[in-house]
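Novice: take a look and give me a structure for this.
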Amino acid sequence: MKLLVTLAILGITMSQSAIAQSNYTKDPESRTSIMVGKKATTDGSVITSHTCDSWYRTWVNMVPAESYERDTVMNIYDGRMHTEFVADQTNVKVKGQIPQVRKTYAFMDTSYPCMNEKQLGIGETTVSGRRDLENPKGMFMIEELERVALQRCTTAREAIRLMGELVKEYGYGDSGECLTIADPNEVWHFEVFGEGKDKIGGVWAAVRIPDDHVGVSANISRIGTLNLKDKDHYMASDNVFDVAKKLGYWDGKEPFKFWKAYSGKNYSGQLKSFSTREHFILNALAPSLKLDYEAEELPISVKPDKQVSVTDVMALLRQTYEGTDLDMTKNLKVTVKDRKTGEVDTIISPKANPWMRGDELNMLNGIQKGVVKSVRNIAVPQCAYSTVIQLRSWLPDAVGGVVWFSMDNPGQSPRVPVFCGVTDLPAMYKICGNHRYRDDATLWHYRRANKLAAVRWGATRKVMENNIRHFEEKGQRELPFVEAQYQEILNSKGEEAARAYLTGYTADFIGATILRWDEMANQYWIESRFGF
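Specialist: Predicted structure coming up:
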């Protein structure tokens, strides 16, 4: 039974203004990752997800498995997240080298690499943290840790251990980060920080999300108590307590909380292990808990009141808090008169949308102070791409793992299935659209319609939401057929032909969504022929 996501926000009273803190990184990118254990899902799959919000590359490539000779090395890079196409090396730097393994796994190369051929999936979210933990001399940025883990690992635990070893030996050079790492059997919440400006190393911790729970991370350090005796549910670097003491983040007497020691505050400057998005999502999934926004800490995960489907996660990533006190459009109302009955009603203005720019908000608040309060929605227009990764232990890896992939605003764009066994993607997928306007970049075929629709969202949303629903239902309806076809072709023609079928199916699905969004953009231009 599908989860009906409640829109009630329980007990929220908060200031939306961010408090600048000189020693804390703020929320520059803003991402959301939802994790679901296999007993918490409607079909027994494991789910992780990611919204890549901000100006990052949108080109995607399927990198094949490779074999290497002995004594070869692997380059570790910085700058690949802002390149324009697959082979682009502009501003890409080699930060160092590590020994190469004899054989690597194929993987899906997104800005933050997300899934390999063995059903290992990764979501990501930048974590607010202390600037004095950062050491740019460390070799690894978070996206390179993900890339190496996907090329070398088959399980979440294996990936966590490998990344920990790499950070210890070669150093971590990024700001605070969270990875939500999943395989077909379990999902883990992993957080990593630098070890300080005088040490090229790193400090990290990981907590397993119980199989019947759902977790969420949205730019806040979430890990609290570490029970390292429970090796089935906790892992951490061997310096996790010592670094906190050395740098004065923990006195060694009060109960140790990882988030409090290494992050300290959320991106609004509050001493909390959560913010609006975590509170909303956890409350939507488990409203019976009545989680309190005024608390200092929320559970890292909760048992949902009802089992969660992959489409429920998609719906949560589309959220703009419509119908709640956090809805940015709630005060933007106009009166309308029914021409037939003469009855007058008050509705949200068709010109209102939940993704208004700062200059629009300033104009509206200049007319009437406080009419719109800026809230950080889950779905945002500056999203480069987003993933919902579904992993299924009872199916062959090639068809069991699927990335439900979306470009641009997840509240407006369709999701397409990219299976573990897909070996190539359309040429348009291999070009980034965030550098400039390009007809040959897939991003703009969604973005054109999405931006036009937002101009009069109240009038355009029905058509767009129907089209989103069409492709969502198409993907779910056809999934059993694709699985059966893969198996039939595998048995009759072999692995290469079966993977070719998956590759063709994904390409056809992508093409259908592009055509539909191009048609919508053309229609929206016609409807705007007399002006916006």
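Novice: list the contacts of the residue nearest to K257 when sequence neighbours are not counted.
Specialist: Leaving aside its chain neighbours, K257 sits nearest to G224 (4.9 Å; criterion: CB to CB, 6 or more residues apart in numbering). The C-beta positions use only the backbone N, C-alpha and C, and glycine is treated the same way. Applying CB atoms under 8 Å, 6 or more residues apart in numbering to G224 gives the contacts K257, F258, W259, K260, S273, E297, I300.
Novice: contacting residues for the last one?
Specialist: Right, I300. H189, V207, I209, G215, R222, I223, G224.
Novice: give me that answer again for 7 Å
Specialist: Shown in contact with I300 (CB atoms under 7 Å, 6 or more residues apart in numbering): H189, V207, G215, R222, I223, G224.
Novice: narrow these to those in strands?
Specialist: Using DSSP state E, the members of the contacts of I300 that fall in strands are H189, V207, G215.
Novice: confidence score at the second one?
Specialist: To tie it back to what came earlier, the one meant is V207. At V207, the model reports a pLDDT of 98.
Novice: from I200, how far out is it?
Specialist: Distance, V207 to I200, by CB to CB, to the nearest Å: 26 Å.
Novice: the first one too?
Specialist: Computed as CB to CB, the H189 to I200 distance reads 25 Å.
Novice: of the contacts of I300, which pair is most distant in space?
Specialist: Farthest pair in these (CB to CB) is G215 and G224. Separation: 12.3 Å.
Novice: more neighbours, V207 and I200?
Specialist: Taking neighbours as other CB atoms under 10 Å, V207 and I200 compare with V207 leading, 24 against 20.
Novice: isn't the more buried one up against E191?
Specialist: No - counting by CB atoms under 7 Å, V207 stays clear of E191, with 8.7 Å between them.
Novice: quick check: neighbours shared by those two?
Specialist: I223.
Novice: residues near A65, how many?
Specialist: 12.
Novice: which SSE is it in?
Specialist: Using DSSP states H and E, A65 sits in no helix or strand.
Novice: relative to V399, how far out is the residue nearest to it when sequence neighbours are not counted?
Specialist: Excluding the flanking residues, the one nearest A65 by CB to CB, 6+ apart is A106, at 4.5 Å. Applying CB to CB, the value for A106 to V399 is 14 Å.
Novice: and the two? Which one has more around it.
Specialist: V399 (26 against 22).
Novice: and the more buried one, what pLDDT?
Specialist: At V399, the model reports a pLDDT of 98.
Novice: follow-up on the earlier one: any idea how far the residue nearest to K257 lies from G164?
Specialist: Taking CB to CB, one finds G224 at 19 Å from G164.
Novice: among the contacts of G224, name the ones in helices.
Specialist: Counting by DSSP state H, the contacts of G224 place F258, W259, K260 in helices.
Novice: which one's the longest helix in this protein?
Specialist: With residue count as the measure and DSSP H as the assignment, the chain has helix 457-493 as its longest helix.
Novice: distance from the chain centre to that one, please.
Specialist: Relative to its parent chain, helix 457-493 has a centroid offset of 21 Å by CA atoms, centre = their mean, to the nearest Å.
Novice: and the following helix or strand past it, what does it pack onto?
Specialist: Following helix 457-493 in sequence order, the next helix or strand is helix 495-527 (DSSP H and E). Judged by 3 or more CB pairs under 7 Å, 6 or more residues apart in numbering; DSSP states H and E, helix 495-527 is in contact with helix 397-400, strand 416-419, helix 442-455, helix 457-493.
Novice: so where do the helices sit in the stretch 201-350 of the chain?
Specialist: Ranges of helices in the stretch 201-350 of the chain, per DSSP state H, counting those that start in this stretch, are 240-246, 258-262, 276-285, 310-317.
Novice: can you list these in a markdown table and add mean pLDDT?
Specialist: Shown next, in a markdown table, are those (pLDDT from 0 to 100):
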| stretch | mean pLDDT |
| --- | --- |
| helix 240-246 | 97 |
| helix 258-262 | 95 |
| helix 276-285 | 96 |
| helix 310-317 | 98 |
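Novice: please identify which of these is closest to A40.
Specialist: Here helix 276-285 is closest among these (CB to CB), at 8.8 Å.
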